[in-house]
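>>> Need coordinates for the following:
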Amino acid sequence: MQYPVIIFDLDGTLLDTVDDIGSAANQVLKEMGYSSHPLSAYQQFVGSGVAVLFERALPQENADRNVVNECCLRFGQAYEAYWNQASAPYERIPELLAQLLELDYRLAVLSNKPDLFAQKCVSTYFAPYRFDPVFGQRPGVARKPDPQAVRAIMKYHDVSAKQTLFVGDSEIDIQTAQNAGIFSVGVAWGYRSPESLIAQGVDLIIDQPSDLLSFLREHS
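Numbers count the residues shown, from 1 in each chain. Coordinates of the predicted model:
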């Protein structure tokens, strides 16, 4: 097979989490005396980590480093109460994962979600499926689009860039793949439009999970 290792983004790719993230972030904003946002607005705020989420969610004149840091601290506590309230795998994702594993593909997760919650989400919503490793945002490791974690996954599996594929829903994911020199697949069901992924230079857009299997069969 041409791509034995497949790295997946989590939020907006495997798992629809935006309502839970938005609910927790709105709670923090209200606690800090700022206006909340419609949950749908968080589709444009997520993808680059918690700090960037609040840089986008706060009024521009208030988004200084101290305020953002305080929001990030509070978000960890707020999200603990929300992370599994409305989140769910996207339709046909479990079937896709089962088929990939049956075909002996090796699967990994790389997310800008805090590592604690990335681990919780994967172990809760994808318990029957084997992801190895699962990396969220960790202290001392550059977040996407830096390719550091992608390279660690490739080293872990002893594969080259030409043997690795990245599946994600955002411009950050496509940039990450480009920075690591690997093939990028953008999903049309996530938090960004296909047009934005095309503008970023994505290698392939898929409209439904089964399209990934079709592509892999063509490149087996």
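>>> my read: residue 176 touches residue 150, true?
Yes - if you go by C-beta atoms under 8 Å, residue 176 and residue 150 touch, sitting 6.2 Å apart. Glycine gets a C-beta too; all of them are placed from N, C-alpha and C.
>>> what domains does the record give for the chain?
Split into domains by automatic domain parsing, the chain comes to 5-16+87-218, 18-82.
>>> Mutual contacts of residue 176 and residue 150, please.
110, 166 (C-beta atoms under 8 Å, 6 or more residues apart in numbering).
>>> picking that back up, just put the domains of the chain in a markdown table and tack on mean pLDDT.
Formatted as a markdown table, the domains of the chain follow (pLDDT from 0 to 100):
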| stretch | mean pLDDT |
| --- | --- |
| domain 5-16+87-218 | 97 |
| domain 18-82 | 94 |
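>>> Now render those as CSV, adding mean neighbour count.
Output for the domains of the chain, formatted as CSV (neighbours: other C-beta atoms under 10 Å):
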stretch, mean neighbour count
domain 5-16+87-218, 19
domain 18-82, 17
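>>> ok, and residue 7, which helix or strand is that part of?
Using DSSP states H and E, residue 7 maps to strand 5-8.
>>> and for the next helix or strand along the chain from that strand, what are the contacting residues?
The first helix or strand that comes after strand 5-8 along the chain, using DSSP H and E, is strand 15-16. For strand 15-16, contacts defined as C-beta under 8 Å, 6+ apart pick out 87-90, 93, 121, 125.
>>> wait, which of the residues you listed is closest to residue 5?
residue 93 (18.2 Å; C-beta to C-beta).
>>> is the closest residue to residue 203 other than its chain neighbours in a bridge, and if so with what?
Using C-beta to C-beta, 6 or more residues apart in numbering and skipping the chain neighbours, the partner closest in space to residue 203 is residue 184 (4.7 Å). Residues in a beta bridge with residue 184, per DSSP bridges, are residue 166.
>>> Correct me if wrong: residue 184 contacts residue 174.
Yes - if you go by C-beta under 8 Å, residue 184 and residue 174 touch, sitting 4.9 Å apart.
>>> Just the C-alpha atoms of the lengthiest helix in the chain, please, in CSV.
Taking DSSP state H as the criterion, the chain has its longest helix at helix 65-82. What follows is helix 65-82, C-alpha atoms only, in CSV (Å, rounded to 0.1, in the frame of the first residue of the first chain):
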residue,chain,number,x,y,z
ARG,A,65,-1.8,38.0,26.4
ASN,A,66,-2.9,38.2,30.1
VAL,A,67,-6.6,38.0,29.3
VAL,A,68,-6.1,35.2,26.8
ASN,A,69,-4.0,33.2,29.3
GLU,A,70,-6.7,33.6,32.0
CYS,A,71,-9.3,32.4,29.5
CYS,A,72,-7.2,29.4,28.7
LEU,A,73,-6.9,28.5,32.3
ARG,A,74,-10.7,28.8,32.9
PHE,A,75,-11.4,26.9,29.7
GLY,A,76,-9.8,23.8,31.0
GLN,A,77,-12.2,23.7,33.9
ALA,A,78,-15.2,24.7,31.9
TYR,A,79,-14.6,22.1,29.1
GLU,A,80,-14.3,19.4,31.7
ALA,A,81,-18.0,19.8,32.3
TYR,A,82,-19.0,20.0,28.6
